[in-house]
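Peer 1: no sequence for this one, just the structure:
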């Protein structure tokens, strides 16, 4: 009897800690982009259906030229990219998102206001299964705090059923249900933020 009361007490005491941990962060994080230039992150529907990354804390450094490649595991899976926060000094510094390869025709954020400045958020969907993120800063002495970017697999299935651990966003993207109760904008329209099992 005493053992069961102790077990119940331990569970009750740990509930606020569990709730706090789920509501304030994400387990789907990667390291800082500027410390992982020229690397590839391959997403996986079962273990890593998405990730988020940013630059190192504080203002970013000058003279950075960094590429990060994000791949979906199959050809028919698309990648949703959400620039959740951006503070990049214009006049030479920029973040660019490419679909599959780097050239002017595959650049998805052609508008300068989506490459630098301060923007709340915007999203892009990659038509291939490979996204290339390029961050460039010059040496003019002007820097910002960088950006936060969420990247998730858009599963190309008609049902998008919770029985299959999937969630249909309001914008019709289909993301992993593993993101439930996470505080990141995986859908690109903020609808997933408020859905919990």
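Peer 2: That came through fine. The structure displayed is predicted, hence computed values, not measured ones.

Peer 1: run a quick neighbour tally on the closest residue to residue 55 other than its chain neighbours.
Peer 2: Nearest non-adjacent residue to residue 55, counting by C-beta to C-beta, 6 or more residues apart in numbering: residue 146, 3.5 Å away. (C-beta placed from N, C-alpha, C; glycine too.) For residue 146, the count of nearby residues is 26 (other C-beta atoms under 10 Å).

Peer 1: you'd agree residue 146 is up against residue 54?
Peer 2: Yes - Residue 146 is within contact range of residue 54, at 5.8 Å (criterion: C-beta atoms under 8 Å).

Peer 1: which ones are touching the closest residue to residue 127 other than its chain neighbours?
Peer 2: In this structure, residue 127 finds its nearest non-sequential neighbour in residue 99, 5.5 Å apart by C-beta to C-beta, 6+ apart. Going by C-beta atoms under 8 Å, 6 or more residues apart in numbering, residue 99 touches 106, 108, 126-128, 130-131.

Peer 1: give me the pLDDT for residue 99.
Peer 2: pLDDT for residue 99: 95.

Peer 1: bridge partners for the residue nearest to residue 55, pull those for me.
Peer 2: Beta bridges link residue 146 to residue 87, judged by DSSP bridges.

Peer 1: tell me the spacing between it and residue 101.
Peer 2: To residue 101, residue 146 is 25 Å away according to C-beta to C-beta, to the nearest Å.

Peer 1: again with residue 83
Peer 2: Counting by C-beta to C-beta, the gap between residue 83 and residue 101 amounts to 20 Å.

Peer 1: now residue 177
Peer 2: Taken as C-beta to C-beta, the span from residue 177 to residue 101 is 32 Å.

Peer 1: looking at these two, which one has more neighbours?
Peer 2: Each of residue 177 and residue 101 has its neighbours counted (other C-beta under 10 Å); residue 177 has more, 19 against 10.

Peer 1: point out where the protein drops to low pLDDT.
Peer 2: The chain contains residues with pLDDT under 70 at 1-31, 57, 180-182, 192-197.

Peer 1: that one: helices as residue ranges?
Peer 2: With helices called from DSSP state H, the chain shows them at 2-23.

Peer 1: just give me the residue right at the centre of it.
Peer 2: Nearest to the geometric centre of the chain sits residue 150, at 1.3 Å (C-alpha atoms, centre = their mean).

Peer 1: before I go, just wanted to say thanks for your time.
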